[in-house]
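Participant: quick one, what's the 3D model for this:
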Amino acid sequence: MFDLISIRKELHKIPELGFEEIKTQKYILQLLENLDGLKIHTFDFPGILVEYSHENGKYKLFRADMDGFPITEDTNCGFESKHIGKMHACGHDMHMTILIGFIEKVVANNSNNNLLFLFQPAEEGMGGATRILNTGILNKFAISETYALHVNGGIRTGEIASRSGIFFANTQEIEVVFKGKSAHVAFAEKGINALSAGVDFYIELENEIKKEFPVDKPVICAFGKMNAGVVMNAVPAECRLEGTFRAFTKEDHEQLSALIENVKSKIAKKHRIDAEIIYKAYYKEVINDKTLLKKLKFHASEMGIKFNNAEMVFTGEDFGFFTEKYNGLLFWLGVGNENDNADLHSPNFLPNEKAIDIGVEIFFKLI
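Facilitator: Next up, the predicted model:
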């Protein structure tokens, strides 16, 4: 029988970024070799699809994400990341461990269900879900339901949370680039100040979003990084803003996207400067099936696990590409500790390992 705590610690030590999960895949494959009745599918990129075909009929798909996060760990846990500057700060080590424990339980109990277990790479902004779907491998199976969980340090261990309908927002990562002309600050009139245009764009966009999107129509557009110039005494020739915009519906997403483009063009004309928007990673909104949510709530009650009604969140999750294609359900799994609830993407994030067995049991109930 697998020691899931040890497995989680080993996975925690080897975080790898999107489409680089070579060690992670190798470790998981070595574990799966110990289990009978499985058919293993791999790709020309990291990722594993485990097929458990017991009888004719439809399949249920359970997904765990594999990649780590580009952040330096600061947990002092004793099993810290061996890869400097990389950490499982989003709990994917927990997700994989739960899926491994779930697979073992299914095999041990000789379940008569048709099941697929997906270890998906590159969830953190590099299009892992889309890459898997584009291989066409899932089209070989009649998938009726798909499930995923995500740990949450803001929820107590032993509790879960979810909602029907839209759960996670759609998200679009962007870079907005203004390209002007450099000049010495003593002769600034000879240049075109890209930094001034970038700052103007930032302020103008914030004001326009407040006007166009009332409180009952929530969206966000946030820029967490801005770079301009190379020396302190020269007009910057380029200014680059990196950020994300998010909405809960396709309509609001398109309206917000058009607004950003319009403000960019307006500022470019005002400053007589070249400007472009580079569109990067995109996630569909996660939409939970109402029937599957009822099923989750029933089994949570049966297990004595407290279920919390969750709010819609602006978190991005590429599981939305699965809920777009199949009836799906994503839920929060509480991993909060008594005195430390550091949450996702924090260098201090350290989920409570007691949640592993809870996650395994919930998945098993859902089959």
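Participant: Ala197 and Thr244, how far apart?
Facilitator: Applying Cβ to Cβ, to the nearest Å, the value for Ala197 to Thr244 is 20 Å. For glycine as for every other residue, the C-beta is placed from the backbone atoms N, C-alpha and C.
Participant: ok, Phe178 next?
Facilitator: For Phe178 relative to Thr244 (Cβ to Cβ), the value is 18 Å.
Participant: okay, these two: which has more neighbours?
Facilitator: The residue with more neighbours, out of Phe178 and Thr244, is Phe178; 29 against 21, by other Cβ atoms under 10 Å.
Participant: quick one, helices of the stretch 51-200 of the chain?
Facilitator: 92-108, 128-135, 194-212 (DSSP state H, counting those that start in this stretch).
Participant: would CSV of these with mean pLDDT, distance to Asn56 and mean neighbour count be doable?
Facilitator: Converted to CSV, the helices of the stretch 51-200 of the chain look like this (pLDDT from 0 to 100; distance: least, Cβ to Cβ, whole Å; neighbours: other Cβ atoms under 10 Å):
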stretch, mean pLDDT, distance to Asn56, mean neighbour count
helix 92-108, 98, 18, 23
helix 128-135, 97, 24, 19
helix 194-212, 97, 52, 18
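Participant: nearest to Arg272, of these?
Facilitator: helix 194-212 (9.2 Å; Cβ to Cβ).
Participant: by contact count, what packs against that closest one?
Facilitator: strand 170-179, strand 219-228, strand 238-247, helix 250-271 (3 or more Cβ pairs under 8 Å, 6 or more residues apart in numbering; DSSP states H and E).
Participant: in the first one, what counts as buried?
Facilitator: Across strand 170-179, burial judged by 16 or more other Cβ atoms under 10 Å covers 170-174, 176-179.
Participant: also the second one?
Facilitator: Judged by neighbour count using 16+ other Cβ under 10 Å, the buried positions of strand 219-228 are 219, 221, 223, 228.
Participant: where does the last one land on pLDDT?
Facilitator: I take that to be Ala228. Looking at Ala228, its pLDDT reads 98.
Participant: contacts only, for it.
Facilitator: Residues in contact with Ala228 (Cβ atoms under 8 Å, 6 or more residues apart in numbering) are 194-195, 198, 236, 238-240.
Participant: circling back: redo the helices of the stretch 51-200 of the chain as a markdown table? Include distance to Gly158.
Facilitator: Formatted as a markdown table, the helices of the stretch 51-200 of the chain follow (distance: least, Cβ to Cβ, whole Å):
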| stretch | distance to Gly158 |
| --- | --- |
| helix 92-108 | 15 |
| helix 128-135 | 29 |
| helix 194-212 | 39 |
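Participant: what's the closest of those helices to Glu311?
Facilitator: Of all the helices of the stretch 51-200 of the chain, helix 194-212 comes closest under Cβ to Cβ, at 20.9 Å.
Participant: and the angle from the closest one to strand 238-247?
Facilitator: 20 degrees (axes from the mean of the first three to the mean of the last three Cα atoms, to 10 degrees).
Participant: and helix 194-212, C-alpha only, in CSV?
Facilitator: Extracted in CSV, the C-alpha atoms of helix 194-212 (Å, rounded to 0.1, in the frame of the first residue of the first chain):
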residue,chain,number,x,y,z
ALA,A,194,7.1,55.5,-23.8
LEU,A,195,6.9,55.6,-20.0
SER,A,196,4.6,58.6,-20.0
ALA,A,197,2.3,56.7,-22.5
GLY,A,198,2.4,53.6,-20.3
VAL,A,199,1.4,55.5,-17.1
ASP,A,200,-1.3,57.4,-19.0
PHE,A,201,-2.7,54.1,-20.3
TYR,A,202,-2.7,52.6,-16.9
ILE,A,203,-4.6,55.5,-15.3
GLU,A,204,-7.0,56.0,-18.2
LEU,A,205,-7.9,52.3,-18.3
GLU,A,206,-8.7,52.2,-14.6
ASN,A,207,-11.1,55.1,-15.0
GLU,A,208,-12.8,53.7,-18.1
ILE,A,209,-13.4,50.3,-16.5
LYS,A,210,-15.1,52.0,-13.5
LYS,A,211,-17.4,53.9,-15.9
GLU,A,212,-18.2,50.9,-18.1
